[in-house]
Structures are given as structure tokens and as C-alpha cells.
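[1] no FASTA, just this:
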């Protein structure tokens, strides 16, 4: 293993996008839609 090559490695940029559906699924996954005052 060449240490200089490993330490100076620059990965290619990763492009991604987030849609409205992704936000909705995330919020449901963390239980954002639950009633915060419900004791159960």
C-alpha cells in the first residue's frame, strides 16, 4: 500500500436528490405523525 496515494485519495463527487416522497417516508419512519401528548 502506498501511504501517500491513500492519504491523498479524492473520491468522485456523488450526486443525489431528495423528493417529497422521500421526506414523507422519513417522517413516517421516525414517527413524526404520532400525537405527542398521547401517553401510549
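    Noted; the coordinates are in hand. Nothing here was measured: the structure is a model prediction, and the numbers come from that model.
[2] how far out from the middle of the chain is the lengthiest helix in the chain?
    Using DSSP state H, we find that the single longest helix of the chain is helix 20-29. Distance, stretch centre to chain centre, for helix 20-29: 11 Å (C-alpha atoms, centre = their mean, to the nearest Å).
[3] Equivalent analysis for stretch 5-15, please.
    The answer for stretch 5-15 is 20 Å, by C-alpha atoms, centre = their mean.
[4] same check, this time on stretch 18-32
    The answer for stretch 18-32 is 11 Å, by C-alpha atoms, centre = their mean.
[5] just stretch 15-27 next, same as before
    That offset, for stretch 15-27, works out to 9 Å (C-alpha atoms, centre = their mean).
[6] could you give me the average pLDDT of it?
    Here stretch 15-27 scores 92 as its mean pLDDT.
[7] Can you point out the buried residues in that stretch?
    Judged by neighbour count using 16 or more other C-beta atoms under 10 Å, stretch 15-27 contains no buried positions. Backbone N, C-alpha and C define where each C-beta goes, glycine included.
[8] For residue 31, see how far away residue 4 is.
    48 Å (C-beta to C-beta, to the nearest Å).
[9] What separation do you get for residue 20 and residue 7?
    In terms of C-beta to C-beta, residue 20 sits 40 Å off from residue 7.
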